[in-house]
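*Asks:* Sequence first, predicted model second:
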Amino acid sequence: MLLPNIDLDLLPTPSFEQVQAKPLNHPPRILLMYGSNRERSYSRLAVQEAG
């Protein structure tokens, strides 16, 4: 990818330890959002059913 406005020498290269996932003491948390304010919103119904 060509990004002429970004100097890649100024960005630190992450180490392997920095990009590894940390163990969790709880199940994964997933935020479900919907974007409709309608009285009958199918996206809201899907989120409520999933949660």
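*Replies:* That came through fine. Numbering: from 1, shown residues only.
*Asks:* in the longest helix anywhere in the chain, what counts as buried?
*Replies:* Longest helix of the chain, by residue count under DSSP state H: helix 42-50. Residues of helix 42-50 classed as buried: R44 (neighbour count, 16 or more other Cβ atoms under 10 Å). Every C-beta, even on glycine, is put in place using the N, C-alpha and C of the backbone.
*Asks:* which secondary structure elements does it contact?
*Replies:* Under the contact definition 3 or more Cβ pairs under 8 Å, 6 or more residues apart in numbering; DSSP states H and E, helix 42-50 sits against no other helix or strand.
*Asks:* what are the C-alpha coordinates of that helix, in CSV please?
*Replies:* Taking Å, rounded to 0.1, in the frame of the first residue of the first chain, the C-alpha atoms of helix 42-50 are listed here in CSV:
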residue,chain,number,x,y,z
TYR,A,42,-36.1,-5.5,12.4
SER,A,43,-32.5,-4.7,13.2
ARG,A,44,-33.6,-4.0,16.8
LEU,A,45,-35.6,-7.2,17.0
ALA,A,46,-32.6,-9.2,15.7
VAL,A,47,-30.3,-7.6,18.4
GLN,A,48,-32.8,-8.2,21.2
GLU,A,49,-33.2,-11.8,20.0
ALA,A,50,-29.5,-12.3,19.9
